[in-house]
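Novice: structure, please.
(4 chains)
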4 protein chains.
Amino acid sequence: MRYGSFFLEEITPFESMLRRMDEVIVQKRTRYQELTLFRSQGFGKILVLDKDVQSSESDEYVYHDTLVHPAMLAHPSPRSACIVGGGEGATLREVLRHPSIERCTMVDIDGELMELAREWLPEWHRGAFSDPRARVIAADARGWLEANPERYDVILVDLTDPVGADSPARFLFTEEWYRLLSERLEPGGVVALQAGMILPTHHREHSVIHHTVAQVFRHVRSYRTYIPSYFLQFGFLLASQATDPASLEVSLYAQRCHERGLALRYLTPELIRAQYALPGDLQKALREEQMVSRDADPFWLDAEGRAQQGPVGPR
Amino acid sequence: MRYGSFFLEEITPFESMLRRMDEVIVQKRTRYQELTLFRSQGFGKILVLDKDVQSSESDEYVYHDTLVHPAMLAHPSPRSACIVGGGEGATLREVLRHPSIERCTMVDIDGELMELAREWLPEWHRGAFSDPRARVIAADARGWLEANPERYDVILVDLTDPVGADSPARFLFTEEWYRLLSERLEPGGVVALQAGMILPTHHREHSVIHHTVAQVFRHVRSYRTYIPSYFLQFGFLLASQATDPASLEVSLYAQRCHERGLALRYLTPELIRAQYALPGDLQKALREEQMVSRDADPFWLDAEGRAQQGPVGPR
Amino acid sequence: MRYGSFFLEEITPFESMLRRMDEVIVQKRTRYQELTLFRSQGFGKILVLDKDVQSSESDEYVYHDTLVHPAMLAHPSPRSACIVGGGEGATLREVLRHPSIERCTMVDIDGELMELAREWLPEWHRGAFSDPRARVIAADARGWLEANPERYDVILVDLTDPVGADSPARFLFTEEWYRLLSERLEPGGVVALQAGMILPTHHREHSVIHHTVAQVFRHVRSYRTYIPSYFLQFGFLLASQATDPASLEVSLYAQRCHERGLALRYLTPELIRAQYALPGDLQKALREEQMVSRDADPFWLDAEGRAQQGPVGPR
Amino acid sequence: MRYGSFFLEEITPFESMLRRMDEVIVQKRTRYQELTLFRSQGFGKILVLDKDVQSSESDEYVYHDTLVHPAMLAHPSPRSACIVGGGEGATLREVLRHPSIERCTMVDIDGELMELAREWLPEWHRGAFSDPRARVIAADARGWLEANPERYDVILVDLTDPVGADSPARFLFTEEWYRLLSERLEPGGVVALQAGMILPTHHREHSVIHHTVAQVFRHVRSYRTYIPSYFLQFGFLLASQATDPASLEVSLYAQRCHERGLALRYLTPELIRAQYALPGDLQKALREEQMVSRDADPFWLDAEGRAQQGPVGPR
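Specialist: As a prediction, this is how the structure comes out:
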């Protein structure tokens, strides 16, 4: 910590992390964002997009296990999946481990990023982009899903937070967007979403997303995971019109893992089930939340991490 | 983040956090350590001892719920408790919420710190130091427990990590020490321990403690909690010769909470039970751990966060 | 540098200094600014106003020698002086060392700051505020000087930079302001100004001030000093209708020091004279500068440290 | 300053600079040190060796003008020169601008560094390494000069500080070393040395070097320059048995510049002469200094920047 190259990251609006960079591997700018890949002592390669650490070589499995498998295992036999975002290819990689999958469509706005990922992030995608079942689309996910009426057994949403009153991401966190996702689900389908950090300074981010999703879906379940390389606890959501994943037995999760040949590094059948037990303070926040994000009045996070609503900027 | 007063904390050997200080409330040095208390935007008052954040006003309940209540609720009716460390008084405060408690002994090496806590940390102790059931001892815990053969229903161990080959804390992490704790338990007694961060750079700290404790106790259970103001996930242990806390039903935890009038902010009966479900990677680390810390060959953490053993320095 | 309390200061828009604070002595907010006084290892007490280090106990004499004595010694017998800014009282203290001074008027906008200085900064003012020759006015200097037609032998201007398009300080860096200063000088009078850092990222700040002052005064001389506690080299200006300070002999400076009983810690007669020798790059910048700051089109520094002009905001 | 890649540099033991890196151009490790070259907003390319900024594209001329030309111009017609250190080639480049130079020998311990400089630092050396008058030796300077009895008109010493009790650089700051330099001078020869930062925390570094050099040379002159990209003021020394550079007239410096076709960016004849005027506090420090660094009892800087002497470690 005495000297050298560091990446400075705003973990919260009031706390910033200085991360030692043993080696800067690559820095590239796409039309949408800047990619920095560096080698760290504790986490191996670390991928940064713009200002936020996205993933590290040593713990990306924690994040991707948590986003992908609870949804995939809540479905008896997923054949089609859609990934919204997820540019580095590890979400795709995990989806393709389920042998019933025939087609996985990935829609990320940043085509250049996916090209960079192919070249520089083999530890993440491990060849998934070249899997014949994968279809990769460079497009705004909302417009693309509106225009393409296909349906999916599982939809996985992996987006950055709507930070700032003019963030274009605002319209990927509204009731109308979640209604669109519901319409793109096959009967019995399940949606999983990365749903914001859970922290005192950001305490409403997760509950607003939860409450908005709950306007659309019959079953909505929050769960949480600590991502070591983020130094943060993130919230996730499962949403479905058909299935409450917290009602499925540990034995069913175990059976599906076994049938699909899935040996997961982070999740276990017991942990998948256990993670739906939420702490009292979070239950209270979810119970009391009133804000619903809508296209006419979308929610966003201000510079202090507080949830704000409207006014409407251009979509 | 542009300018102002900050506290710089080494979160890991390779990552450091800059925390904005809105106001430095007090800085005092005792014989053993330096106390800094400052006001933050996100976490309210933050207490630092030497180099590490110990607790924040806004989330100390997460830590103290997690350390105290799983053990206290695993015991049918705890009448006596002993706290090792815990200078700021919040562990004591939580123990005293259990109405069966007749006496709680707290042994912390730093008497001056407890005096400072009385004056400056009312949000933490909330008067617990003045409770007639509390007995506060300023002494080295190992020596004091060796010399005082009283027994307790619950022992709560809240110590700092043994960092460095000459850390005196090394002898509070050895098999002999845990054997002493076992001898100081009443039949049916339970020990809870704060047991190190769980992070790639510190991956063996928790498993070495677990493995060492398992040399002594019949039942040992790991569980984890994310402490927001630390930006870290910490491991905890329950150990007992009599009871496996993971075998107790949710309904039993619920009943005991109800009987004792405990409305907890963080823990719920479901969450207490659920937290014994561990991720696969941690289960593997616990299974594979071979290191046992002993007085003749104690374990400690080096500057890179790695677990090391021996040689023996003076106790 | 591993951990502890630090003050983070933006030295330039692209470089920031982390300064270890051994002790935060006082933090107070006035209507205009926030004062932080802390103890450092290398510089003793350090005074910060808002975001910038103003002065340190161990090297304030470098700054105040450099601002005050070249002007005072360029005048044969200064009886009256006016200080614009200079809230902590050290400029006043140095002026009062010249025995010919009968009256020194100090105009600083922040009356609360001067009260805080009296109480907390004895190392700076050393009682100067209580000297019967001192008159201290809490007022906007431009308005006050416009309204009060007194004249002075020496005027010393010690102001913060005009940073940002809406900085009220812009109108204390214009031709009209310097014309006002000229009108407030007695015949033979001299003005000294702190005139901006001299650094590649701020390379025009000093030259714009120089060029603007040169619209008004017949003799204008730049000189430079490194202020250790700033880690920066600052430019200063002497301006006069009557005297070119660079034309005075070393022996004259020596004689005046001797007559006035001035034993200076930083400046010597040789150094006063030598400091008017400027480096080639700075001479070139002064020669080529075209920008004149005027009330209708005032100059200011943008976030990258570049000199900008207009548009006019409210004065 | 909110986020991104930064280089953290210990400017003093108590103050550290965070410098934004727009792009990391190259990072390489030689046997002796690590080279980092990055692009900055304010200073262009910045060269770091190990922990210290060495030079920046935008202000290297300040440093190299100051080290090279006062010595070269104090000599009526230098034909041979020797550079000790100076790996990036800019000192060599400046020496070769003097047309009387027939041979310039450069001795730097780090041959790999000079290879890297050739490839990556064209803005510094500008082809000087390929000049037929240049001879480049990769060797320890002390040993090489002891073994090679050639003499030089000018010797330029550009070394890093002896930081730490076991720094090998200690033996390049002793009376015996300076005596060796004196023996390697032609009659009328001049030595210039980079001689430590001048700062309250390092206040004796320069005076110890000065006092040690003064044991050997009849004429020793200190001078100072602020190096913007260091944010520090550095001391330099001229030493000669024959010539006091402060006794030479401005007109002589001007004439020699003219004869040699030297149009310098930083120095002017007036400034060369003026810089020998020292501030009172530094004169006092030089007058009072008692420490002489000798091989048997060499001086070094401790972690707090204080001058220490002995005990003798291996040379």
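Novice: which phi and psi does the closest residue to chain C within the stretch 51-200 of chain A have?
Specialist: Closest residue of the stretch 51-200 of chain A to chain C, C-beta to the nearest C-beta: residue A:51 (16.4 Å). Using the backbone N, CA and C atoms, a C-beta is placed for each residue, glycine as well. The phi and psi values for residue A:51, taken as degrees, to the nearest 10, are phi -100, psi -10.
Novice: stretch A:198-214 and chain B in contact?
Specialist: Yes - part of stretch A:198-214 sits near chain B under the criterion C-beta under 8 Å from any C-beta of the partner chain, namely A:198, A:199, A:200, A:201.
Novice: how would you label residue A:7: helix, strand or coil?
Specialist: Following DSSP: H, G, I helix; E, B strand; the rest coil, the label given to residue A:7 is strand.
Novice: so where's chain A uncertain?
Specialist: A:1, A:311-315 (pLDDT under 70).
Novice: which residues of it lie near chain D?
Specialist: Near chain D, when you scan chain A using C-beta under 8 Å from any C-beta, you find A:1-10, A:16, A:18, A:21, A:23-24, A:27, A:36, A:50-51.
Novice: now list the buried members of the residues you listed.
Specialist: A:1, A:3-9, A:16, A:18, A:21, A:24, A:27, A:36, A:51 (16 or more other C-beta atoms under 10 Å in any protein chain shown).
Novice: closest one of those residues to residue A:224?
Specialist: Of all these, residue A:9 has the smallest distance to residue A:224: 20.9 Å, by C-beta to C-beta.
Novice: residues contacting the closest one?
Specialist: A:16, A:17, A:19, A:48, A:51, A:52, A:53, D:3 (C-beta atoms under 8 Å, 6 or more residues apart in numbering or on different chains).
Novice: just give the nearest non-adjacent residue to the residue of the stretch 51-200 of chain A closest to chain C, would you?
Specialist: Spatially, and ignoring its direct neighbours in sequence, residue A:51 is nearest to residue D:3 (4.0 Å; C-beta to C-beta, 6 or more residues apart in numbering or on different chains).
Novice: for that neighbour, what are its contacts?
Specialist: A:7, A:8, A:9, A:10, A:16, A:50, A:51.
Novice: same question for residue A:217.
Specialist: Going by C-beta under 8 Å, 6+ apart, residue A:217 touches A:178, A:182, A:191, A:239, A:240, A:241.
Novice: output the residues you listed as TSV; include the columns distance to residue D:266 and secondary structure.
Specialist: Converted to TSV, the contacts of residue A:217 look like this (distance: C-beta to C-beta, whole Å; DSSP: H, G, I helix; E, B strand; the rest coil):
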residue	distance to residue D:266	secondary structure
A:178	64	helix
A:182	70	helix
A:191	65	strand
A:239	67	strand
A:240	71	strand
A:241	74	coil
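Novice: of those residues - the most surrounded one?
Specialist: Within these, residue A:239 tops the neighbour count with 28 neighbours, counted by other C-beta atoms under 10 Å in any protein chain shown.
Novice: quick one, what contacts that residue?
Specialist: Taking C-beta under 8 Å, 6+ apart, one finds A:178, A:181, A:190, A:191, A:192, A:193, A:213, A:216, A:217, A:219, A:220, A:221 in contact with residue A:239.
Novice: surely the last one and residue A:246 touch.
Specialist: Yes - look at residue A:221 against residue A:246 with C-beta atoms under 8 Å: they come within range, at 5.3 Å.
Novice: and for those two, which residues touch both?
Specialist: Common neighbours of residue A:221 and residue A:246, counting by C-beta under 8 Å, 6+ apart, are residue A:276.
Novice: who has more neighbours out of these two?
Specialist: Taking other C-beta under 10 Å, residue A:221 and residue A:246 do not tie; residue A:221 has more neighbours (22 against 16).
Novice: residues in contact with that one?
Specialist: Here residue A:221 is in contact with A:237, A:238, A:239, A:244, A:245, A:246, A:276 (criterion: C-beta under 8 Å, 6+ apart).
Novice: which residues in the stretch 1-150 of chain A form strands?
Specialist: Remark: strands assigned in the stretch 1-150 of chain A by DSSP state E, counting those that start in this stretch are A:4-10, A:15-20, A:23-29, A:34-40, A:44-49, A:52-56, A:80-85, A:103-108, A:134-138.
Novice: so what's residue A:98 up against?
Specialist: Contacts for residue A:98 (C-beta under 8 Å, 6+ apart) come out as A:72, A:78, A:260, A:262.
Novice: same thing but at 10 Å, please
Specialist: A:68-69, A:72-73, A:75, A:77-79, A:81, A:104, A:153-154, A:256, A:259-262 (C-beta atoms under 10 Å, 6 or more residues apart in numbering or on different chains).
Novice: from the chain's centre, how far out does the lengthiest helix in chain A sit?
Specialist: With secondary structure taken from DSSP state H, chain A has its longest helix at helix A:60-74. Relative to its chain's centre, helix A:60-74 lies at 10 Å (C-alpha atoms, centre = their mean, to the nearest Å).
Novice: okay, and residue A:181 sits in which element?
Specialist: Following DSSP states H and E, one finds residue A:181 within helix A:175-183.
Novice: and that helix, which residues are buried?
Specialist: Residues of helix A:175-183 classed as buried by neighbour count (16+ other C-beta under 10 Å): A:175, A:176, A:177, A:178, A:180, A:181, A:182.
Novice: how about stretch A:160-176?
Specialist: Residues of stretch A:160-176 classed as buried by neighbour count (16+ other C-beta under 10 Å): A:161-163, A:165, A:167, A:169-176.
Novice: the closest residue to residue A:28 other than its chain neighbours: neighbouring residues, count only.
Specialist: Distances taken as C-beta to C-beta, 6+ apart put residue A:35 closest to residue A:28, at 5.0 Å, once the chain neighbours are dropped. Burial of residue A:35 is recorded as 23 neighbouring residues (other C-beta under 10 Å).
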